[in-house]
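> sequence and computational prediction follow.
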Amino acid sequence: MGDPKFPRRSYDAPSHPWRGERIKAETEICNAYGLKNKRELWKAQAVLRNLRNQSKLLQARVRLDDEQAKLEASLLLKKCGRMGLLPMDGTTLDDVLGLTQETVLNRRLQTLVHRKGLAATPKQARQFIVHGHVSIDGRKVTIPGYVVKRGEEDKISYNALSPISNELHPLRTNARPGEVPVPPARTEEQKNSQVEKVEKVMKKVAADVVDDGPTELPDLPAETKED
């Protein structure tokens, strides 16, 4: 049974630690989804592997007309549907075998927060979640790897008690502090009208100067020299 205080890890590390192609592919996925380390990727692979193993075993039992296997297959498909990995209707066990690790990673809370526009980058989405700025249906969730169910996807929002819930917060992607609204460009008619007004003012000033005649400057006092 083991000590319940120290549960076993929920993932399997690669059998060979030094495979250049695998390391490169895992690094690209971690960077794309903003994963902290490769253990988070291996956990997603473990979830996918368990679903596939269940599907393979159930397919073998269904071929033998096992009624219990048919019931378990239906429950497995419903579970995948609730997790958002597959559509709710019209799926088979073969669809479970067609799932990929990207399908599982797309259901992580961190990924959905970024794709919903609540964060500018996956790294920022992770920071918001860990710091308690994100909630699901009013409940604060601080686990970036939380698998969001289909019914919870539309309930992801900022935590009401978080300062980021304010639309004017500088970390909000839709807020630009200090940004001055740009006035609309003037049309050609407005430009021509402005030019005509300036020309009229200039003509009026020139006419006033001609009518008044040249103005004489007052005599300046002569300079005196001290003896």
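Great, that's in hand.
> how near is the residue nearest the centre of the chain to residue 123?
Among the residues of the chain, the one closest to the centroid is residue 114, at 2.2 Å (C-alpha atoms, centre = their mean). According to C-beta to C-beta, to the nearest Å, residue 114 stands 9 Å off from residue 123. Placement of C-beta: from N, CA and C, glycine included.
> now the common contact residues for these two.
Common contact partners of residue 114 and residue 123 (C-beta atoms under 8 Å, 6 or more residues apart in numbering): residue 34.
> which one is residue 13 nearest to, not counting chain neighbours?
Nearest residue to residue 13, sequence neighbours excluded (C-beta to C-beta, 6 or more residues apart in numbering): residue 42, at 6.4 Å.
> whoops, I mixed them up, residue 22
Using C-beta to C-beta, 6+ apart, the nearest residue to residue 22 is residue 14, at 6.4 Å.
> for residue 99, give me the pLDDT.
pLDDT, residue 99: 95.
> let me fix that: residue 85
95.
> pretty sure it sits against residue 99.
Yes. Between residue 85 and residue 99 there is a contact at 5.9 Å, judged by C-beta atoms under 8 Å.
> who has more neighbours, the two?
Counted by other C-beta atoms under 10 Å, residue 85 and residue 99 do not tie: residue 85 has more neighbours, with 23 against 17.
> from residue 8, how far off is that one?
In this view, residue 85 and residue 8 are 24 Å apart by C-beta to C-beta.
> swap in residue 37?
Distance from residue 37 to residue 8, by C-beta to C-beta: 19 Å.
> rewinding a little: which residues are common contacts for residue 85 and residue 99?
The contact lists of residue 85 and residue 99 share residue 51, where a contact means C-beta under 8 Å, 6+ apart.
> which residues are in contact with residue 123?
residue 34.
> please disregard the earlier target; I meant residue 73.
55, 58-59, 62, 93.
> for it, what is the enclosing helix or strand?
Following DSSP states H and E, one finds residue 73 within helix 67-82.
> give me the next element, helix or strand, following that helix.
helix 93-97.
> A strand includes residue 135, no?
Yes. The assignment for residue 135 by DSSP: H, G, I helix; E, B strand; the rest coil puts it in a strand.
> residues near it, how many?
Residue 135, neighbours per other C-beta under 10 Å, totals 20.
> would you confirm that it contacts residue 142?
No. Contact criterion C-beta under 8 Å: residue 135 and residue 142 do not qualify, at 9.8 Å.
> just for the protein, where's the confidence low?
Flagging of the chain using pLDDT under 70 yields the residue ranges 1-3, 173-186, 191, 208-227.
> for the chain, what spans make up the strands?
134-136, 139-140, 156-158 (DSSP state E).
> what's the second one in contact with?
In this case it means strand 139-140. 132, 134, 159.
> of the residues you listed, which is the most crowded?
That'd be residue 134 among the contacts of strand 139-140, by other C-beta under 10 Å, with 27 neighbours.
> skipping its backbone neighbours, what lies nearest it in space?
Nearest to residue 134 is residue 128, by C-beta to C-beta, 6+ apart, at 5.3 Å.
> please verify my assumption that that neighbour contacts residue 120.
No. Residue 128 is beyond contact range of residue 120, at 10.1 Å (criterion: C-beta under 8 Å).
> give me the number of residues near residue 167?
9.
> what does residue 125 give?
For residue 125, the neighbour count with other C-beta under 10 Å is 26.
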